[in-house]
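Asker: Structure for the following, please:
(chains A, B, C and D)
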There are 2 protein chains.
Amino acid sequence: MRAVRDALDLLGGKWKLPIIVGLVHGPKRFKQLQREVAGITAKMLSKELKELEVNGLVTRYVQADAAPVAVTYALAEHGTTLYPVIEALQGWGQQHRRFIMHAPAVALAEPVLVA
Amino acid sequence: MRAVRDALDLLGGKWKLPIIVGLVHGPKRFKQLQREVAGITAKMLSKELKELEVNGLVTRYVQADAAPVAVTYALAEHGTTLYPVIEALQGWGQQHRRFIMHAPAVALAEPVLVA
DNA sequence: GATAGCGGTTTACCAAAGTATACCGGTTTG
DNA sequence: CAAACCGGTATACTTTGGTAAACCGCTATC
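Answerer: All right, here's what the predicted structure looks like:
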């Protein structure tokens, strides 16, 4: 159970997974990533990237020579171990969506009386 | 991506998964469940169970004849489809814990300079 | 010389999530 | 008759997550 909570703490929230998915197709720069992850503010992106970084999921590359300093973010190798988790969540999400469509919404909320 | 968010919305938060895990080994009554899910308040348990119920993951059985009314909660069939998801999260959580143990905490926060 | 882009930080604010505590009517147990 | 258990609800509060907008130094472009 603790492992499950660890995972959820790391991936929970509105933005962590969208950011990771945004990095799947190769490294991106900050603004580039912000455009990709629609709706996120710079503050959020900055904060979330920091958390992903200290957890080893994302690596931050700083090109110090250039001016202005160029910063690039990439999925770390450890980050790629998330693929199966993302797939599991996605698969279940789709399945659940289908389930909810077909289920009579009323029945779900109705109390089941037992003799 | 939408499916992933759907799943996360449903399973996110501090209590949803602990409650579901608490119901895996058979149906439980309200107080019984509250004791099992250590630390949860009655208000939270009540609210979370409602949400799980309208999503078809948990079924609520009311024994109306008895007095006082007895209420039992059980994992619905659709709830059991979560097992693979829980396993994936748990597996990754363990793996990540091991990873963090071995990784020098400093290195993770350190900026990577590029020539 | 103004404008726009870069990679953010700062401040202020708001809403959702979660906690703490007390309370309810009814019932069994001591 | 008191205490404890049942299945919750009500009220009030704090904490966390997230939004909005302005601002920073620096640089390349028009």
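
Asker: Find the centremost residue of chain A, please.
Answerer: residue A:17 (0.5 Å; C-alpha atoms, centre = their mean).

Asker: contacting residues for it?
Answerer: A:11, A:86, A:89, B:1, B:4-5, B:8 (C-beta atoms under 8 Å, 6 or more residues apart in numbering or on different chains). Where C-beta positions appear, they are placed from N, C-alpha and C, glycine not excepted.

Asker: Give me the contact status of the host helix or strand of residue A:113 with DNA strand D.
Answerer: Using DSSP states H and E, the element containing residue A:113 is strand A:112-114. No - no part of strand A:112-114 sits close enough to DNA strand D to count as contact by C-beta under 7 Å from any atom of the strand; the gap is at least 11.9 Å.

Asker: Each with direction, which strands does that strand pair with?
Answerer: strand B:58-63 (parallel) (DSSP bridges).

Asker: Just the C-alpha atoms of stretch A:60-70, please, in CSV.
Answerer: Extracted in CSV, the C-alpha atoms of stretch A:60-70 (Å, rounded to 0.1, in the frame of the first residue of the first chain):
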residue,chain,number,x,y,z
ARG,A,60,17.6,19.4,-16.7
TYR,A,61,20.4,20.4,-19.1
VAL,A,62,21.8,23.9,-18.9
GLN,A,63,23.8,25.3,-21.8
ALA,A,64,25.9,27.8,-19.9
ASP,A,65,28.0,29.1,-22.8
ALA,A,66,25.2,30.4,-24.9
ALA,A,67,23.5,33.7,-24.1
PRO,A,68,20.8,33.9,-23.0
VAL,A,69,21.3,30.6,-21.2
ALA,A,70,19.5,27.8,-22.9
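
Asker: What are the buried residues along that stretch?
Answerer: In terms of neighbour count (16 or more other C-beta atoms under 10 Å in any protein chain shown), stretch A:60-70 has its buried residues at A:60, A:63.

Asker: Show me the shaky parts of chain A.
Answerer: Along chain A, segments meeting pLDDT under 70 span A:65-66, A:106, A:115.

Asker: The same query, at a cut-off of 90, please.
Answerer: The model of chain A has pLDDT under 90 over residues A:1, A:63-69, A:103-115.

Asker: Would you map the strands across it?
Answerer: A:28-29, A:58-63, A:70-75, A:112-114 (DSSP state E).

Asker: quick one: the third one near DNA strand C?
Answerer: By that I understand strand A:70-75. Yes - applying C-beta under 7 Å from any atom of the strand, one finds strand A:70-75 touching DNA strand C at A:70-72.

Asker: Just the helices from chain A, written as ranges.
Answerer: A:2-11, A:16-24, A:30-36, A:42-54, A:83-102, A:105-109 (DSSP state H).

Asker: got a list of what residue A:82 touches?
Answerer: A:11, A:20, A:57, B:92.

Asker: separation between the closest residue to the first one other than its chain neighbours and residue B:101?
Answerer: What it means is residue A:11. Once flanking residues are discounted, residue A:11 sits nearest to residue A:17: 5.8 Å by C-beta to C-beta, 6 or more residues apart in numbering or on different chains. In this view, residue A:17 and residue B:101 are 24 Å apart by C-beta to C-beta, to the nearest Å.

Asker: swap in residue A:34?
Answerer: Note on residue A:34: its distance to residue B:101, by C-beta to C-beta, is 33 Å.

Asker: Those two: which has the busier surroundings?
Answerer: residue A:34 (19 against 8; other C-beta atoms under 10 Å in any protein chain shown).

Asker: and that one, what does it touch?
Answerer: A:40, A:42, A:45.

Asker: Cross-check the residues you listed against DNA strand D and keep the overlap.
Answerer: Of the contacts of residue A:34, the ones that also sit near DNA strand D (C-beta under 7 Å from any atom of the strand) are A:40, A:42.
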